[in-house]
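Colleague: Predicted model and sequence follow; I will ask about them next.
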Amino acid sequence: MPAKRKAHEMAAVDPEADSKQTLYAQFVDENGEKTGPKLQLQVDSTMSQMESLVNQLLQQTEKVPYTFYLNGEEITTDALAEHLTGTAKKEWLAKMEKEGRRVTKKMLSDVKPQVNTEEVYEITYRPQAVFKVRSLTRCTSSLSGHSEAVLVCAFSPASDVLATGSGDTTIRLWDLATQTPKATLSKHTSWIQVLAWSPDGKYLASGSKDRTICVWEKDKCKMALKAHSAFINAISWEPFHTNLNADRFVSASKDGSAKVWKVIAAKTSQCQFTLSGHTASVTAAKWGGLGMIYTTSQDRSVMVWDANTGVPQKRLEGHAHWVNSLALNTDLVIRSGAFDHTEQVFSTPEESQKYAAERFNAVIDAAGGEKVVSCSDDHTLFLWSPATSNKPVARLVGHQGVVCNVSFSPDGKTLASASFDKSVKLWNAVDGKFITSLRAHVGPVYHVAWSIDSRQLLSSSKDSTLKLWSMKTKRLINDLPGHADEVFACDWSPDGITAASGSKDKTVRIWRH
């Protein structure tokens, strides 16, 4: 039996249809392309039934999980009827409020959705990751060793080593298999503010308040660079799919400049070129996957540079205060190169580079290009598509405080922003529309980290806790207490198994299922 006919029969009204309410539905993909014919769908259809239906329409050999959207709003309930009822109640409440009328619980419970049997409802489906990351439920280790606050933590691309940087001027490497100390790296003379692994996992670059950058190979210092005339704010490596040697990185500093460096055998520095154009501290830098470098500054601008020549390409303006950070929709695939949850082993570096390029292209194709989001002290975020325009795609407003951190979900569909207003906000990464606020922290939120399947989000706060959020229900999954003071840093490993946090209480905590 042809798939379309089979799906139509599956969705059509059953013998008891007279007693069950139905509607006409048309499934469409993310690009607005229609999938299959118009179907008569029971209003009480569950999400798993709709999932099976779409899989049949697309003739999938393996079942793919989907999320569904009606009128641009995600269906987070188990059944379509519950979503329609919730929407009807929201609209009715808004109408009553506008008219200034009193509402009772009984009146609200009597509200039922009005299904128009002549209208065709467009239901958009979006594929999810086939694999699932297990929720973090417990702290498996509390690692002590640092003698000052832990300011930054970063997992290696292979997820086997965790690097942490502290106010005690040292970097510590931790073995994640045994959750024990692996090495202590001492070269800096002030706080460690930045840690960045090369995408092949060979090098670790560290930036400090002492104005120097060190490049470490295992536990040896390969290069110590007197890099800038003020402290280092950011380091970002060139993607593995564009550079097989993974030996170039960009650094950003409070001195108003960014510089591109090449790792060479000798201990001398090799600064390839300086990116001069900002008039104040450069707060963040990202090396994109399409030959561009992106920087943000306290001069309220975002700049785009040619990664091979250092020539400025664009200046993106719109923020009214310091720009604090930026994120790319390709961050995860650039950071982890050929390493992912499948733990594939490649026989040659060229094979692994090819796989890294495939991962990168999959994200770019799905998102329609490389997107950038910037966050600022002006309480707003801007979503940019620098390849197509100097103008922002959207201005994201709603935070009531400084927005200090922002991150794209690994699938590039959702944005999460952390703010001093004690909330995390979620936004649609395609058009910048607000989705919801996640509220549970009682202090400023410093950092957010996504699970690799984009189904969960971890946030760290001044209130000494981490919180784990579900992207399906938009609610708290787990509260993760344990630290005795502010949690400055958190990260989720590229294989999805482990998360780590660094705190003012001088400890590093490892979290797992």
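Modeller: Looks like it came in fine.

Colleague: what are the ranges of the strands in the stretch 351-500 of the chain?
Modeller: 372-376, 381-384, 394-396, 403-408, 414-419, 423-428, 434-439, 445-450, 456-461, 466-470, 476-480, 487-492, 499-503 (DSSP state E, counting those that start in this stretch).

Colleague: Now do the third one: everything it contacts.
Modeller: Contacts with strand 394-396, where a contact means Cβ atoms under 8 Å, 6 or more residues apart in numbering, come from 318, 373, 380-383, 415, 417, 425, 427, 431-434. Yep, even glycine has a C-beta here, placed from its N, CA and C like the rest.

Colleague: Now rank the residues you listed by neighbours and give me the top one.
Modeller: Leu381 (29 neighbours; other Cβ atoms under 10 Å).

Colleague: Could you check how far it is from Gly482?
Modeller: 30 Å (Cβ to Cβ, to the nearest Å).

Colleague: cool, Ala25 as well?
Modeller: 47 Å.

Colleague: ok, those two, which is more surrounded?
Modeller: Using other Cβ under 10 Å, the more surrounded residue of Ala25 and Gly482 is Ala25, with 23 against 17.

Colleague: Excluding sequence neighbours, find me the nearest residue to that one.
Modeller: Leu41 (4.3 Å; Cβ to Cβ, 6 or more residues apart in numbering).

Colleague: Thought Phe231 was touching Ser253, still the case?
Modeller: Yes - with contacts counted by Cβ atoms under 8 Å, Ser253 reaches Phe231, the gap being 6.7 Å.

Colleague: neighbour count winner among these two?
Modeller: Ser253 (23 against 20).

Colleague: Show me what the more buried one is bridged to.
Modeller: Ile232 (DSSP bridges).

Colleague: hmm, back to that, in CSV, list the strands of the stretch 351-500 of the chain along with mean pLDDT and distance to Glu91.
Modeller: Compiled in CSV, those are given as follows (pLDDT from 0 to 100; distance: least, Cβ to Cβ, whole Å):
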stretch, mean pLDDT, distance to Glu91
strand 372-376, 96, 31
strand 381-384, 96, 28
strand 394-396, 95, 24
strand 403-408, 96, 31
strand 414-419, 96, 25
strand 423-428, 96, 20
strand 434-439, 95, 17
strand 445-450, 96, 31
strand 456-461, 96, 29
strand 466-470, 96, 25
strand 476-480, 94, 27
strand 487-492, 96, 37
strand 499-503, 96, 39
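
Colleague: Kindly present those strands as JSON lines, with separate columns for distance to Ala158.
Modeller: Below are the strands of the stretch 351-500 of the chain laid out as JSON lines (distance: least, Cβ to Cβ, whole Å):
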{"stretch": "strand 372-376", "distance to Ala158": "27"}
{"stretch": "strand 381-384", "distance to Ala158": "31"}
{"stretch": "strand 394-396", "distance to Ala158": "34"}
{"stretch": "strand 403-408", "distance to Ala158": "21"}
{"stretch": "strand 414-419", "distance to Ala158": "25"}
{"stretch": "strand 423-428", "distance to Ala158": "29"}
{"stretch": "strand 434-439", "distance to Ala158": "30"}
{"stretch": "strand 445-450", "distance to Ala158": "18"}
{"stretch": "strand 456-461", "distance to Ala158": "20"}
{"stretch": "strand 466-470", "distance to Ala158": "24"}
{"stretch": "strand 476-480", "distance to Ala158": "25"}
{"stretch": "strand 487-492", "distance to Ala158": "14"}
{"stretch": "strand 499-503", "distance to Ala158": "15"}
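
Colleague: for those, which one sits closest to Glu51?
Modeller: The closest of the strands of the stretch 351-500 of the chain to Glu51 is strand 466-470. By Cβ to Cβ, the value is 17.7 Å.

Colleague: What pairs with that closest one, parallel or antiparallel?
Modeller: Assessed with DSSP bridges, strand 466-470 is paired to strand 456-461 (antiparallel), strand 476-480 (antiparallel).

Colleague: contacting residues for Ser229?
Modeller: Counting by Cβ under 8 Å, 6+ apart, Ser229 has contacts 211, 253, 255.

Colleague: again, only this time at 7 Å
Modeller: Residues near Ser229 by Cβ atoms under 7 Å, 6 or more residues apart in numbering: 211, 255.

Colleague: Tell me, what's the model's pLDDT at it?
Modeller: We note a pLDDT of 93 for Ser229 in this prediction.

Colleague: these two touch, right, the residue nearest to Ala25 and Gln26?
Modeller: No - using Cβ atoms under 7 Å, Leu41 is not in contact with Gln26, being 9.8 Å away.

Colleague: Which one of these two is surrounded by more residues?
Modeller: Neighbours were counted for Leu41 and for Gln26 using other Cβ under 10 Å; Leu41 has more, 22 against 16.

Colleague: so the more buried one bridges to which residues?
Modeller: Leu23.

Colleague: Report the separation between it and Thr117.
Modeller: Taken as Cβ to Cβ, the span from Leu41 to Thr117 is 12 Å.

Colleague: Which neighbours do the two have in common?
Modeller: Leu23.
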